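In: Quick one, fold the following:
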Amino acid sequence: YYAVLLSFFSGIIILIFGILQLGFLIDFISIPVIAGFVSAAAITIASGQIKGIFGIHIEEKSETHAGLVDDYIDIFENIDTVKLNDTILGLVCAILLLSLRALNRTNWFKPITDGEDSSAIQRFMNKLPKKGLFIVSKAVWFVCTARNALVV
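Out: Reported below is the predicted structural model:
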């Protein structure tokens, strides 16, 4: 419950800062502090999703007040409740999402410029007419951008 409350108050503070145009204050926060905060948020969010990916059902929650460690204690104590179908679906969806993100970052569907090293796939795709390459490029971009909606 504290995470929801903290997120709500953070959003309110950011909204107020935006309305008052106080964005320049971010320059006074060091990059390591920002990087640490973002990394901690990512670890917390990813750790909270593990139960859902594996379909683990937890009846009794640990109360060691160790924060993130409690989640992992609960997961390992209830590892026998893993649902195979949920696990397969979760891992396939995660692999699909990561693959589409990686596909979007390639240069396979971009025209080859002079002096540029190109992969075999890029050379193959550049055999298409310019209009065809443009259409394929935009279609791949659209699918890769909408990957979350496709998986849901």
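
In: By residue count, what's the longest helix in this protein?
Out: Longest helix in the chain by number of residues (criterion: DSSP state H): helix 31-54.

In: Return the set of buried residues in whichever helix or strand comes after that one.
Out: Downstream of helix 31-54, the next assigned helix or strand under DSSP states H and E is helix 68-77. For helix 68-77, a neighbour-count test (16 or more other CB atoms under 10 Å) marks 71, 73-75 as buried. (C-beta placed from N, C-alpha, C; glycine too.)

In: Which single one of these is nearest to Ser7?
Out: Distance to Ser7 across the buried residues of helix 68-77 (CB to CB) is lowest for Asp71, with 17.3 Å.

In: Could you find the closest non-adjacent residue to the closest one?
Out: Spatial nearest neighbour of Asp71, chain neighbours left out: Ser47 (5.3 Å); criterion: CB to CB, 6 or more residues apart in numbering.

In: what stretches of the chain score poorly on pLDDT?
Out: Applying pLDDT under 70 to the chain flags the ranges 1, 62, 65-66.

In: any chance of the buried residues of helix 68-77 in a markdown table, with distance to Ala146 too?
Out: Shown next, in a markdown table, are the buried residues of helix 68-77 (distance: CB to CB, whole Å):
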| residue | distance to Ala146 |
| --- | --- |
| Asp71 | 31 |
| Ile73 | 37 |
| Asp74 | 34 |
| Ile75 | 31 |
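
In: Double-check the residue nearest to Asp71 against Asp70; I have them as touching.
Out: No: using CB atoms under 8 Å, Ser47 is not in contact with Asp70, being 10.0 Å away.
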